[in-house]
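Student: Prediction below, plus the sequence it came from.
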Amino acid sequence: MSEYPGAGHPVTLRRALLSVSDKTGLIEFAQVLAAYRIELLATAGTATALREAGLTVTEVGEYIGLPEIMDGRVKTLHPRVHGGLLGRAGQDDAVMAAHGIAPIDLLVLNLYPFEQVCTDPERSLDQIIEHIDIGGPAMLRSAAKNFARVAVASDPSQYSDLVAELQTHSGALSAKTRFTLSVAAFHRITQYDAAIANYLSAIDARDDNKRDDGVSQHDRLPAQLHSTFIKVMDLRYGENPHQAGAFYRELRPVPGTLATFSQLQGKELSYNNLADADAAWECVRQFQRPTCVIVKHANPCGVAQAVTCTDAYEMAYVTDPNSAFGGIIAFNSRLDGATAKTILERQFVELLIAPDFDADALDYASNKSNVRLLRIAHGDGDNALDFKRVGSGLLMQTGDVRKIARDELQVVTERAPTDQQLDDLLFAWRVAKFVKSNAIVYARDLRTVGIGAGQTSRVVSAKIATLKAEEAGLAVSGAVMASDAFFPFRDGIDAAAAAGIAAVIQPGGSMRDKEVIAAANAHGMAMVLTGVRHFRH
């Protein structure tokens, strides 16, 4: 096994090269470097910012004897730059001296903001291409490879720790710090290259997969997957204590999704907390009116819309009080103090999620210091791709973001649903999308009254939904039913009718659709088809 790099000696900094697009903290950091008499080199834009702050700096063009050319496309690709970064102490001294190459001990560099620019709808392809950095990654690689002598700062967040170490070691950086910075630089290069490859691959896929009518299919899967996920936190363990766990997010998470959360209080998050939180948040954000979703083991066990958060919670809770114990509770509107007090006085809850919290809700929750509070700002984004690991492979699909409007529903029975039933059917349909298959959801008055999840038989799911309603003392008679996929046989309709279900929403598409529709007519039920399936395994 090779020797750990941290065993090397500290390196006193004499010369630093600065080239940054993000100038956050640049001046303050450069002032510290100058205070330790470290010579400053910089590319044109960075040099201008440093000079305006009163710092002495040598521009790279002057240092190498060549100006920036091709509108800045070529400025640092020169032996005096890369030789200064790659030169090995004691081994390359002679050749460096012969060619006038001075050692560069610190590289401070962040890359052109390609990730931000490529998501800007106002930018043309040519403008986006110009934000592909060439010299920056090359310099990062040179400096990171030569961590035995060179330190590399690839993100402004690293400046404060570097300043502290320079102060501790009188202008020197330890071998362990240099190695850690090297690893971070290589990670940054990987993320950057992956973002470029993913962006260009998406364009390539759209161009190669046009329909005959010339309309591009926008939701395409890349021919090759490049990971752009970064670790946010280590978790206590995975699903079970003998498994390690961690949470990663995309470099630029989709607005409004779980990865944008901020934790306001409570114990550290667990693997299962986050899995359940995602199910709860994705479900509750489907609704516009104040809504509460209670999730247990990744399945909604109660969902309701109401005028207030308290009413929504009360109606969601009574769907399945036993399962609500120890669950995840999510709201799509600001959580008030009265509702927080009602929840925390009544039941044990792992996690409360909302787009925001009233001050009195935060104050009351502080009395239950172990309860986790997550704030997630609303956003209209959806995850473009879903992933699932299988053995040594990866299943990937476009996100299930299809929404059904009222005018898309096809009434297929002799009796049409009432307006109130249509509202309830669409409500139940949105909930069913987040229930494990085979999913059955009973609902009335924009609230669930029974949910059957994760069964190998759809008729069993229907029976479980009935059982849940009976256990909670909720009447099923007159309620509506949603099924995430078609009914392969009429038995599911017969079971629902026996429980008192009055109307059904389902995708259709079974070989026995006529038999299923006939069963609904025989029971006097209304049925609408969506033409869309929502399997959730």
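Tutor: Arrived safely.
Student: The nearest residue to residue 67 once chain neighbours are set aside: how many residues sit nearby?
Tutor: Using CB to CB, 6 or more residues apart in numbering and skipping the chain neighbours, the partner closest in space to residue 67 is residue 61 (4.6 Å). The C-beta positions use only the backbone N, C-alpha and C, and glycine is treated the same way. For residue 61, the count of nearby residues is 17 (other CB atoms under 10 Å).
Student: quick check: domain ranges of the protein?
Tutor: Taking automatic domain parsing as the reference, the chain has its domains at 5-199, 265-375, 406-529.
Student: mind putting those domains in TSV, mean pLDDT included?
Tutor: Formatted as TSV, the domains of the chain follow (pLDDT from 0 to 100):
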stretch	mean pLDDT
domain 5-199	90
domain 265-375	96
domain 406-529	95
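Student: Distance to residue 243 for the ones you listed - can I get that in TSV?
Tutor: Output for the domains of the chain, formatted as TSV (distance: least, CB to CB, whole Å):
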stretch	distance to residue 243
domain 5-199	24
domain 265-375	8
domain 406-529	21
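Student: Out of those domains, which gets nearest to residue 396?
Tutor: domain 5-199 (12.3 Å; CB to CB).
Student: From residue 29, how far out is the residue nearest the centre of the chain?
Tutor: Of all residues in the chain, the one closest to the mean position by CA atoms, centre = their mean is residue 259, 3.8 Å from it. Separation of residue 259 from residue 29 (CB to CB, to the nearest Å): 29 Å.
Student: what's the answer for residue 505, then?
Tutor: Note on residue 505: its distance to residue 29, by CB to CB, is 59 Å.
Student: One more: residue 402?
Tutor: Note on residue 402: its distance to residue 29, by CB to CB, is 49 Å.
Student: So for these two, which sits in the more crowded spot?
Tutor: residue 29 (22 against 12).
Student: Make sure the more buried one is actually in contact with residue 161.
Tutor: No: using CB atoms under 8 Å as the test, residue 29 is too far from residue 161 to be in contact (11.0 Å).
Student: Could I get the full set of strands for the stretch 151-300 of the chain?
Tutor: Taking DSSP state E, counting those that start in this stretch as the test, the strands found in the stretch 151-300 of the chain are 151-153, 172-173, 229-235, 245-250, 262-265, 291-296, 299-305.
Student: wait, which of these is closest to residue 12?
Tutor: Closest among the strands of the stretch 151-300 of the chain, using CB to CB: strand 172-173, at 4.4 Å.
Student: in its sheet, what does that closest one sit against?
Tutor: Strand pairing for strand 172-173, using DSSP bridges, gives strand 11-12 (antiparallel).
Student: On the C-terminal side of the strand it pairs with, identify the next helix or strand.
Tutor: Next in sequence after strand 11-12, counting helices and strands by DSSP states H and E, comes strand 15-20.
Student: Can I get stretch 415-431 in PDB, CA atoms only?
Tutor: Output of stretch 415-431 as PDB, limited to C-alpha atoms (Å, rounded to 0.1, in the frame of the first residue of the first chain):
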ATOM      1  CA  ARG A 415     -73.800   6.700 -15.100                       C
ATOM      2  CA  ALA A 416     -71.500   9.700 -15.200                       C
ATOM      3  CA  PRO A 417     -69.900  11.000 -12.000                       C
ATOM      4  CA  THR A 418     -71.200  14.200 -10.400                       C
ATOM      5  CA  ASP A 419     -69.000  17.300 -10.200                       C
ATOM      6  CA  GLN A 420     -68.200  16.500  -6.600                       C
ATOM      7  CA  GLN A 421     -67.300  13.000  -7.500                       C
ATOM      8  CA  LEU A 422     -65.000  14.200 -10.300                       C
ATOM      9  CA  ASP A 423     -63.200  16.400  -7.800                       C
ATOM     10  CA  ASP A 424     -62.800  13.500  -5.500                       C
ATOM     11  CA  LEU A 425     -61.700  11.200  -8.300                       C
ATOM     12  CA  LEU A 426     -58.900  13.500  -9.400                       C
ATOM     13  CA  PHE A 427     -57.900  14.000  -5.800                       C
ATOM     14  CA  ALA A 428     -57.700  10.200  -5.300                       C
ATOM     15  CA  TRP A 429     -55.800   9.800  -8.600                       C
ATOM     16  CA  ARG A 430     -53.100  12.200  -7.400                       C
ATOM     17  CA  VAL A 431     -52.700  10.300  -4.200                       C
END
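Student: Check which residues of it are buried.
Tutor: Of the residues in stretch 415-431, those buried under the neighbour-count criterion (16 or more other CB atoms under 10 Å) are 417, 421-431.
Student: which secondary structure elements does the longest helix seen in the chain contact?
Tutor: Determined from DSSP state H, the single longest helix within the chain is helix 175-208. Under the contact criterion of 3 or more CB pairs under 8 Å, 6 or more residues apart in numbering; DSSP states H and E, helix 175-208 touches helix 114-117, helix 135-145, strand 151-153, helix 159-168.
Student: Quick check: residue 245 touching residue 272?
Tutor: No: taking contacts as CB under 8 Å, residue 245 lies outside contact range of residue 272: 9.1 Å.
Student: what touches both of the two?
Tutor: Taking CB atoms under 8 Å, 6 or more residues apart in numbering as the contact rule, residue 245 and residue 272 both touch residue 239.
Student: Which stretches in the stretch 351-500 of the chain count as helices?
Tutor: For the stretch 351-500 of the chain, applying DSSP state H, counting those that start in this stretch gives helices covering 359-365, 419-432, 458-472, 491-499.
Student: What about the nearest residue to residue 294 once chain neighbours are set aside, how many residues nearby?
Tutor: The shortest distance from residue 294 to any non-neighbouring residue, by CB to CB, 6+ apart, is to residue 302 (4.3 Å). Residue 302: 30 surrounding residues under other CB under 10 Å.
Student: show me what contacts residue 302?
Tutor: Counting by CB under 8 Å, 6+ apart, residue 302 touches 292-294, 315-320, 323-324, 448, 451.
Student: Tell me which of these fall in strands.
Tutor: By the criterion of DSSP state E, membership of the contacts of residue 302 in strands covers 292-294, 448, 451.
Student: What distance do you get for residue 362 to residue 66?
Tutor: From residue 362 to residue 66 the distance is 58 Å (CB to CB).
Student: Compare the two and say which is more crowded by neighbours.
Tutor: Using other CB under 10 Å, the more surrounded residue of residue 362 and residue 66 is residue 362, with 17 against 14.
Student: Can you pull the phi/psi pair for residue 436?
Tutor: Backbone torsions of residue 436, given as degrees, to the nearest 10, read phi -60, psi 140.
Student: Tell me the spacing between it and residue 452.
Tutor: With distances taken as CB to CB, residue 436 is found 10 Å from residue 452.
Student: where's the residue lying farthest from the centre of the chain relative to residue 113, distance?
Tutor: Relative to the mean C-alpha coordinate of the chain, counting by CA atoms, centre = their mean, the farthest residue is residue 98 (51.7 Å). The gap separating residue 98 from residue 113 is 39 Å, by CB to CB.
Student: swap in residue 125?
Tutor: From residue 125 to residue 113 the distance is 16 Å (CB to CB).
Student: repeat for residue 229
Tutor: Distance of residue 229 to residue 113, given as CB to CB: 19 Å.
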